[in-house]
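> Below is the sequence, then the predicted model.
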Amino acid sequence: MNAIIQLKDVTKRFPGVVANDHISFEVEKGTIHTLAGENGAGKSTLMNIIYGLYRPDEGEIRIEGKPVQFSSSKDSIAHRIGMVHQHFMLIPKLTVAENIVVGQEPGSALKVDRKGAEERIRALSEKYGLKIDPARKVADLSVTEQQRVEILKILYREAEILIFDEPTAVLTPQEIDEFCEILLGLKAAGKTILFISHKMAEVMRISDRITVIRLGKVVGTVEKDKTTAEELTRMMVGRDVSLARRDRRQFENQPNLLELRDVSYSVNGVRKLDHINLQLRAGEVLGVAGVDGNGQEELVRAIYGDIRPDEGQVIFKGNDVSRTGIRARKESGLGLVPEDRHRDGLVLEYSVADNLVLGMHNHKEFAKGGAWLDFKKIHENAETMKEDFDIRCANVDVAAGTLSGGNQQKIIIAREASRDPDVFVAVQPTRGLDIGAMEFVQKTLLEQRDKGKGVLLLSLELDEILSVSDRIAVIFKGRIVDVVDATSVNRQQLGLMMLGSNAAREEQGGVQIGN
Amino acid sequence: MLNAISYLLSATLRMGTPIAYTALGGMTSERSGVNNIGLEGIMTAAAFGAAVGSYLFQNAWMGVVFAILIGIAISAVHSLVCITWGGTQAVSSMALVLLSTGISGVGLKALFGRQGNSPEVPSLPTTTPLEGIPVIGEFLSQQSPFVYLLLLCLLITWFLFRHTRLGLRLITVGENPKAAETAGLNVHRLRYFGVIYSGILGGLGGAMLSIGSMNMFQEGMVAGRGYLALGAVTMGRWNTWGVFGSAMFFGFFSALQLYLQSIQVPVPTEFIQMIPYVATVIVLALSAGKSNAGIAAGGKPYTKFVQQR
């Protein structure tokens, strides 16, 4: 036993919540130690404490046996601790090398040795197989490349302890595989890794030991070899969770709530939507599966009215709405959970209560005479939503930006559901959410369906599509290549169809509905 | 013809230099993440301070020192409000503009017992040591030392952002203060530097007006040049040479306007006086939307991690 980090009774309180409640565990040198827990369980807070960005209210941290007290990240860097934050700490305008060295620039104060920096980074990048050109601008890099720049940043600072705060949240499944290899490589090079995640597949794949925290407390620390994904999930959520296939609904002769007729749309001569025909019926979940960037974004925008299709019509409850605006469509019964919850779903600076009435602020119930906001009602509404949708926040007046991702998503879902829409469009509604929140979101979608609404679910996660949908439409290069019954396909077949394979379609031979 | 060119060049330098000083300072402040709309105020107070310093010591260089000190003092207040206390930058800036205008007016009355303008003070209109240079010596010596000092400041500013450690760190705190903090930098201290640098250069810009191109302080003599400097920062896309070029562009059209008036072209003066502004609008309109430059975290106060939530 050679503990490089020892935490003893570390406690951190924020107004209204105890984010970390007497956290104690040890991390062994040269291992990958995972910290698992739901969104808002206190994982990030704890990591920020270890990295010196927050100061604990109580408790002790020992690094290599010596008690430490950090007052800024400067101190933790000096103790060879590095952290890759969930939201990248990069400056797009600057080069990779500049991003990496800032704060510890080689050369003199008057002249930063940019050439020397690039050489050192190139060497580091080769040593750990990160394949990054230090002379490029960060703005030109992909998400995975940016993440590697973050890793290089801490390797450059000669970190021995590497903290990763939910690094896989922004990655696609293939990228996650690559990322896991990088972590295993770093471990082989003798680094100690503290890895935060709530995705069981990758946790079980690379961890040596796992500490689970829930509601700010340690539930337990287990050896990977002596546990299972199910057990970990139970520890994390506090009960059994199942994301298995749901009951299907029988639907016959249900009216079409939403229909796309021959919708086409091009950007700069590139066909984004190519004669899309799609029907969403009352009381069903229609999943749209596809590899990212095959027209999903445009499809959703055409439905809620952000773009006008070049050809074709969008029929909503029997009316052609192709030419109506977003507001009119939403008022007539369209609910939308957008893909980017920060950009399109919330105003992060506004309170939870205000976010819960966005877009309904001029409705009778919240605005007297359509003009004077009724703060009492807005507040009452928020309190009800907070209970019903289990939105975890100190109170409804805190800024939405201070909540965890899962709770932010619950705000959007609560708001859209409270409009009681006939058609509920959800785009990647569970992205970045932990398993408990994911279950909640999926359950809410199914509730909408059971109320006889139509739910359109766009997701990149095949498992989600398969477990929630009644029918699945496959989109490929802007075309709907097929619409199938969800029970008639398995993961592999669906995967192949998403790549445009005709063979797969013939092979699955399932019931074809529509089109 | 040669006369015209020499006149235009000389006037361009005279009109452009105060704007260029202030714009280079403003650029530095903005790149560190703090907008300083109050440059106009710094120029006003510094122009007044330069006259006072020059008058008290009967030495124009002491006027320059006074102007710099006043620039530092005003920008320090702006820093305290905007950086340490996280106040709204536009409000603090405007308050400083009003304060500076008021102080210089009251100061005129209190120190000189006059209204409108100060008495004549020693000034720096020419650079006589350059007379000896063949051919262009005469032209060079006719320019104020402020022009040469500006070239020095231009090089320093360019070098700061191009090569130095400080420059890289200033850019980092301006673009992503959180990243800067996690890299172990002191965001607030760096921003203080950026704002105070703008105070020093704004001070020089103001001093040029009262004791460079004139020999007294007049109320209202800044006449919006602080705002033109802000325009130059945007038009120059936060790039040292671009900002300098834009400032001189404003200078050139002001010079052109003066020249056309002096040769009495048969066009109403009002139209001629419009030239610099019309040119500005045209160029800004043509260059708009070409780049998405700008400072990512500009204008937003930064609360340190430890104090957040």
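Here it is on my side, so go on.

> Let me see the contact set for residue 108.
Chain wasn't specified; assuming chain A. By C-beta atoms under 8 Å, 6 or more residues apart in numbering or on different chains, the residues touching A:Ser108 are B:Arg165. The way it works is simple: take the backbone N, C-alpha and C, and place the C-beta from them, glycine included.

> other chain: chain B
B:Leu108 is in contact with B:48, B:114-118, B:217, B:219, counting by C-beta under 8 Å, 6+ apart.

> so which pair among the residues you listed is furthest apart in space?
The largest separation in the contacts of B:Leu108, counting by C-beta to C-beta, is between B:Phe48 and B:Gln115 at 13.3 Å.

> Those two: who's more crowded?
Set B:Phe48 next to B:Gln115 and count neighbours by other C-beta atoms under 10 Å in any protein chain shown: B:Phe48 wins out with 31 against 9.

> before we move on, which element is the more buried one in?
Using DSSP states H and E, B:Phe48 falls within helix B:39-57.

> Residue numbers of the stretch 101-250 of chain B in contact with chain A?
Within the stretch 101-250 of chain B, the positions lying close to chain A (C-beta under 8 Å from any C-beta of the partner chain) are B:163-166, B:168-169, B:171-172, B:175-176, B:178-185.

> rerun that using 10 Å as the cut-off
Within the stretch 101-250 of chain B, the residues that sit near chain A (C-beta under 10 Å from any C-beta of the partner chain) are B:159-160, B:162-169, B:171-186, B:238.

> Mind checking which of those are buried?
Among those, those scoring as buried are B:160, B:163-169, B:171-185, B:238 (criterion: 16 or more other C-beta atoms under 10 Å in any protein chain shown).

> and the next helix or strand after the helix holding B:Phe48, what other elements does it pack with?
Next in sequence after helix B:39-57, counting helices and strands by DSSP H and E, comes helix B:60-79. Contacts defined by 3 or more C-beta pairs under 10 Å, 6 or more residues apart in numbering or on different chains; DSSP states H and E place helix B:60-79 against helix B:2-31, helix B:39-57, helix B:89-107, helix B:145-162, helix B:187-207.

> mean confidence for the fourth one?
It stands for helix B:145-162. For helix B:145-162, the mean pLDDT works out to 96.

> mind listing what's buried in it?
Buried residues in helix B:145-162, defined by neighbour count with 16+ other C-beta under 10 Å: B:145-147, B:149-150, B:153-154, B:157-158, B:160-161.

> and if you look at the third one?
For helix B:89-107, the buried set under the neighbour-count rule, 16+ other C-beta under 10 Å, comprises B:89, B:92-93, B:95-97, B:99-101, B:103-105, B:107.

> Adding distance to B:Gly299, write the helices and strands packed on helix B:60-79 out as TSV.
Shown next, in TSV, are those (distance: least, C-beta to C-beta, whole Å):
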stretch	distance to B:Gly299
helix B:2-31	8
helix B:39-57	15
helix B:89-107	6
helix B:145-162	19
helix B:187-207	12
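
> Relative to A:Ile176, which of those helices is closest?
helix B:187-207 (33.1 Å).

> With just CA atoms, put that closest one into PDB.
Extracted C-alpha coordinates of helix B:187-207, given in PDB (Å, rounded to 0.1, in the frame of the first residue of the first chain):
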ATOM      1  CA  VAL B 187      -5.900  37.300 -12.900                       C
ATOM      2  CA  HIS B 188      -6.600  40.400 -11.000                       C
ATOM      3  CA  ARG B 189      -3.000  41.600 -10.800                       C
ATOM      4  CA  LEU B 190      -2.500  41.100 -14.500                       C
ATOM      5  CA  ARG B 191      -5.700  43.100 -15.300                       C
ATOM      6  CA  TYR B 192      -4.500  45.900 -13.000                       C
ATOM      7  CA  PHE B 193      -1.500  46.100 -15.200                       C
ATOM      8  CA  GLY B 194      -3.500  46.200 -18.400                       C
ATOM      9  CA  VAL B 195      -5.700  49.100 -17.100                       C
ATOM     10  CA  ILE B 196      -2.900  51.100 -15.600                       C
ATOM     11  CA  TYR B 197      -0.900  50.700 -18.800                       C
ATOM     12  CA  SER B 198      -3.900  52.300 -20.600                       C
ATOM     13  CA  GLY B 199      -3.800  55.100 -18.000                       C
ATOM     14  CA  ILE B 200      -0.100  55.800 -18.700                       C
ATOM     15  CA  LEU B 201      -0.600  56.000 -22.500                       C
ATOM     16  CA  GLY B 202      -3.900  57.800 -22.200                       C
ATOM     17  CA  GLY B 203      -2.100  60.300 -20.000                       C
ATOM     18  CA  LEU B 204       0.500  60.800 -22.700                       C
ATOM     19  CA  GLY B 205      -2.200  61.200 -25.200                       C
ATOM     20  CA  GLY B 206      -3.800  63.900 -23.100                       C
ATOM     21  CA  ALA B 207      -0.600  65.700 -22.500                       C
END
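
> Against which helices or strands is that helix packed?
Other elements packing on helix B:187-207 under the criterion 3+ C-beta pairs under 10 Å, 6+ apart are helix B:2-31, helix B:39-57, helix B:60-79, helix B:89-107, helix B:145-162, helix B:165-175, helix B:177-182, helix B:225-235.

> Just the local confidence number for residue 188, please.
If you meant another chain, say so; for now it's chain A. A:Ala188 carries a pLDDT value of 94.

> The chain in question should be chain B.
pLDDT recorded at B:His188 is 94.

> List the residues that contact it.
With contact taken as C-beta atoms under 10 Å, 6 or more residues apart in numbering or on different chains, B:His188 is in contact with B:79, B:83-84, B:173, B:177, B:181, B:301-304.

> One more: A:Met204?
Contact partners of A:Met204, counting by C-beta under 10 Å, 6+ apart, are A:34, A:210, A:224, A:227-229, A:232.

> re earlier: I'd like the contacts of B:His188 laid out as JSON lines, including pLDDT and distance to A:Met236.
As requested, the contacts of B:His188 are exported to JSON lines (pLDDT from 0 to 100; distance: C-beta to C-beta, whole Å):
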{"residue": "B:Ser79", "pLDDT": "94", "distance to A:Met236": "46"}
{"residue": "B:Ile83", "pLDDT": "92", "distance to A:Met236": "41"}
{"residue": "B:Thr84", "pLDDT": "92", "distance to A:Met236": "42"}
{"residue": "B:Val173", "pLDDT": "95", "distance to A:Met236": "38"}
{"residue": "B:Pro177", "pLDDT": "93", "distance to A:Met236": "34"}
{"residue": "B:Glu181", "pLDDT": "90", "distance to A:Met236": "31"}
{"residue": "B:Pro301", "pLDDT": "83", "distance to A:Met236": "37"}
{"residue": "B:Tyr302", "pLDDT": "84", "distance to A:Met236": "34"}
{"residue": "B:Thr303", "pLDDT": "77", "distance to A:Met236": "32"}
{"residue": "B:Lys304", "pLDDT": "70", "distance to A:Met236": "32"}
